[in-house]
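S.K.: Sharing a model that was predicted from the sequence below.
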Amino acid sequence: MSSNSGKRSDSIAIVGCGGFIGSHLIDSLLAATPYRIVGIDIVSAKIGRHLDNDRFTFVNADMHDTAAVRPWIEQCGTAVFLAAICTPSLYTTKPLAVIDVNCTGTIPLVSLCAQAGTRLVYFSTSEVYGRTAASAAEGEDEAAHLLREEESPFILGPVAAQRWSYACAKQLVERYIYACGQERRLDYTIVRPFNFIGPRMDFVPGIDGEGIPRVLACFLSALLKGEPLKLVDGGKNRRCFTYIDDAVEAIVKIIGNPRRSRGHIFNIGNPANEITIADLALLMTEIWRRIVPEACEKEILIEPVPAAGFYGPGYEDSGRRLPDISKARTILGWEPRTGLETALTSTIRAFVDRYRPAVRKG
Ligand code: UGA
């Protein structure tokens, strides 16, 4: 895209376009909308198929390189911020990088949007709600467990519980954006994703990444390699897994409805897909056996492990993350439609296609 082609409102800058969410968002924006897209990232393996598209410009730049990012934020009508370090194992082992990328490195870009009059769609996290332990007490009315954008408290642990370095970093950016809305007329929308899953998420350790990915990729890596699935603290915690196609539909609605979504925070999640991690392991094993029939001959082990042994010291967890999505329903007319079994089947199939040949060779 040349520096002065088209109207500002026709173009979107996506900072951190090369990850899981960015790759699906670009698929959808190029297929179903007329926007021109500028994608900024240091990686592009997941978006390789779009690099030759006339409506897509890839800028190989680090988010910290303000001189490289600034012109694109200035000439696009909307900026979507996806750049993040968002794997829990890193919150305790690389907290400085987590705080930098998710907060101190992001704030100058928020400021740039305010200066340039560029609308900002910021990806925060469902983790800002923190432990959520207070609302997870058994036996309470279900409505008392719902996490609400405008009402629920953020319950983070002490400083040494570095699990919350990420939640705290994202929370400060939310507060900075809110303040920019108030004092500098920043036009913004904040998205809080609840465990998006789908093809191309994360990585398989030893094949296309190192370390501990999020739970879906951990379990799939174990299934691919014939290793035990590990249940941190017995797998008692619950998550609401949201299929990426549903999530992208919500994001596209936010992008396409600036007036309606201005100044709002949206939980984007699927409360109907709530499951404990222990039950998730069982369900994934069952689907795996259906997709990979030869796996039926082998025993698949599922074993509980203590959190400190799995993640190291400083790890804590959210007990339950049940989103109230009535704002997204009412304001955006959005409804997640993909059930957990369908979402997992599609994700598992994609992992089998992508990684099984590599695991067999290794
Ligand atoms: C994630 C990340 O913090 C963020 O990427 C993101 O904002 C958000 O949640 C999300 O994906 O929307 P969390 O849900 O704790 O946090 O991430 P996972 O690593 O997927 O863990 C889910 C649960 O599974 C945790 O209770 C964890 O302890 C457990 N787990 C994880 C296992 O039992 N076994 C494993 O092998 C891995």
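M.R.: Thanks, I have it.
S.K.: Please count neighbours and contacts with C-alpha atoms only from this point.
M.R.: Will do.
S.K.: And the helices in the stretch 101-250 of the chain, which stretches?
M.R.: 107-116, 165-183, 215-225, 244-256 (DSSP state H, counting those that start in this stretch).
S.K.: would you turn the ones you listed into TSV with mean neighbour count and distance to Gly209?
M.R.: TSV is the format used below for these (neighbours: other C-alpha atoms under 10 Å; distance: least, C-alpha to C-alpha, whole Å):
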stretch	mean neighbour count	distance to Gly209
helix 107-116	19	28
helix 165-183	20	20
helix 215-225	21	11
helix 244-256	20	21
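S.K.: May I have the predicted confidence score for the residue in the stretch 51-200 of the chain that the ligand sits nearest to?
M.R.: Among all residues of the stretch 51-200 of the chain, Asn195 sits closest to the ligand, at 3.0 Å; criterion: C-alpha to the nearest ligand atom. On pLDDT, Asn195 comes in at 98.
S.K.: Pull the number of nearby residues for Ser318.
M.R.: Here the number of neighbours of Ser318 (other C-alpha atoms under 10 Å) works out to 21.
S.K.: could you measure it against Ser9, distance?
M.R.: Here Ser318 is placed at a distance of 39 Å from Ser9 (C-alpha to C-alpha, to the nearest Å).
S.K.: How much space separates the residue of the chain most remote from its centre from the ligand?
M.R.: Outermost residue of the chain with respect to the C-alpha centroid, by C-alpha atoms, centre = their mean, is Glu297; its distance is 35.1 Å. Glu297 sits 23 Å away from the ligand, taking C-alpha to the nearest ligand atom, to the nearest Å as the criterion.
S.K.: mind checking the backbone torsions on that residue?
M.R.: phi -70, psi -20 (degrees, to the nearest 10).
S.K.: again with Gly309
M.R.: The phi/psi pair for Gly309 (degrees, to the nearest 10) is phi -70, psi -40.
S.K.: Could you pull up the contacting residues of it?
M.R.: Neighbour list for Gly309: empty [criterion: C-alpha atoms under 8 Å, 6 or more residues apart in numbering].
S.K.: ok, Asp10 to Phe241 distance?
M.R.: In terms of C-alpha to C-alpha, Asp10 sits 32 Å off from Phe241.
S.K.: My read is that Ala116 contacts Cys76, right?
M.R.: No. Look at Ala116 against Cys76 with C-alpha atoms under 8 Å: they stay out of range, at 9.4 Å.
S.K.: The stretch 1-150 of the chain against the ligand: which residues are in contact?
M.R.: By the rule C-alpha under 6 Å from any ligand atom, the part of the stretch 1-150 of the chain lying against the ligand is Cys86, Thr87, Pro88, Thr125, Ser126, Glu127.
S.K.: would the first one count as being in a strand?
M.R.: No. Counting by DSSP: H, G, I helix; E, B strand; the rest coil, Cys86 falls outside a strand, being coil.
S.K.: Distance-wise, check it relative to Thr33.
M.R.: According to C-alpha to C-alpha, Cys86 stands 28 Å off from Thr33.
S.K.: Repeat that for the fifth one.
M.R.: With distances defined as C-alpha to C-alpha, the gap from Ser126 to Thr33 amounts to 28 Å.
S.K.: So Pro313 sits against Thr92, correct?
M.R.: Yes. Taking contacts as C-alpha under 8 Å, Pro313 lies within contact range of Thr92: 7.4 Å.
S.K.: anything in contact with each of the two?
M.R.: Residues touching both Pro313 and Thr92 (C-alpha under 8 Å, 6+ apart) are Ala161.
S.K.: More neighbours: which of those two?
M.R.: Each of Pro313 and Thr92 has its neighbours counted (other C-alpha under 10 Å); Thr92 has more, 23 against 15.
S.K.: how about the helices of the stretch 251-362 of the chain, start to end?
M.R.: Going by DSSP H, counting those that start in this stretch, the stretch 251-362 of the chain shows helices at 258-261, 277-291, 307-311, 326-327, 340-361.
S.K.: least reliable of those helices going by mean pLDDT?
M.R.: Minimum mean pLDDT among these: helix 340-361, a mean of 91.
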